[in-house]
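Asks: Fold the stuff below for me.
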Amino acid sequence: MSNVMHIEPVPGAPIACDMSAASDTLDERLLEYRRLYERALVRRERREDAVVFHFRAGGGTREAVEDLARREAACCPFLDYRVETVETEVIWTTTSPVAGDERASVDAILDAFHALPDHADSDIGRLFGRLTERGVDLPRLL
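Replies: Numbers count the residues shown, from 1 in each chain. Just a heads-up that it's a prediction; the model follows:
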């Protein structure tokens with residue numbers, strides 16, 4: 001297995017989260033996130049243009065992170081996804097290449113992604129409500 005899995009953003013992809021073609025539901029995906037966070041999350045960072053999650057390697061963590069990153073890339077193809085193993089950690093970086101008028105919407109999505117460990121087992125509707133208030137297109141997600 002290569003040390004780096006990289007999924008580049010799709011040029012011109014709309015700034016919208018679309019799970020309409022997903023093989024899982026939002027609730028199922030959130031349950032997977034919650035289990036991953038409980039089992040392996042070490043820390044997280046919110047950078048200017050990215051969110052970085054650090055997970056403990058081992059126990060299928062890399063495979064779980066890669067699988068989630070692929071599914072996220074399918075519903076949010078406007079972002080850049082990178083998964084790599086560095087020493088004892090699996091590092092998942094989600095970066096925004098978006099600039100200009102659409103940057104605020106993407107920043108709101110990255111803020112929500114960064115906050116997901118705090119909301120993965122609670123009322124996610126409030127989190128998505130805040131995204132909608134910030135102008136993020138979520139109709140195909142909710």
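
Asks: quick check: longest helix of the protein.
Replies: For the chain, the helix with the greatest residue count under DSSP state H is helix 103-119.

Asks: what's the average pLDDT for that helix?
Replies: For helix 103-119, the mean per-residue pLDDT is 87.

Asks: Then stretch 74-93?
Replies: 96.

Asks: Alpha carbons of it, in CSV - could you do that?
Replies: Taking Å, rounded to 0.1, in the frame of the first residue of the first chain, the C-alpha atoms of stretch 74-93 are listed here in CSV:
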residue,chain,number,x,y,z
ALA,A,74,-17.8,11.5,-3.7
CYS,A,75,-20.3,13.7,-1.9
CYS,A,76,-18.0,16.8,-1.6
PRO,A,77,-15.8,16.7,-4.7
PHE,A,78,-14.7,20.3,-4.4
LEU,A,79,-12.3,19.5,-1.6
ASP,A,80,-8.8,17.9,-1.6
TYR,A,81,-8.4,14.7,0.5
ARG,A,82,-5.1,13.3,1.7
VAL,A,83,-4.5,10.3,4.0
GLU,A,84,-1.0,9.3,5.0
THR,A,85,0.7,7.4,7.8
VAL,A,86,3.5,9.1,9.7
GLU,A,87,5.1,7.1,12.4
THR,A,88,2.3,5.9,14.7
GLU,A,89,-0.4,8.1,13.3
VAL,A,90,-2.8,8.1,10.3
ILE,A,91,-3.2,11.7,9.2
TRP,A,92,-6.3,12.8,7.2
THR,A,93,-6.0,16.3,5.7
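
Asks: Check the gap between residue 111 and residue 38 for me.
Replies: 22 Å (CB to CB, to the nearest Å). For the C-beta atoms, the positions are set from N, CA and C on the backbone; glycine is no exception.

Asks: These two: which is more packed in?
Replies: Each of residue 111 and residue 38 has its neighbours counted (other CB atoms under 10 Å); residue 111 has more, 17 against 11.
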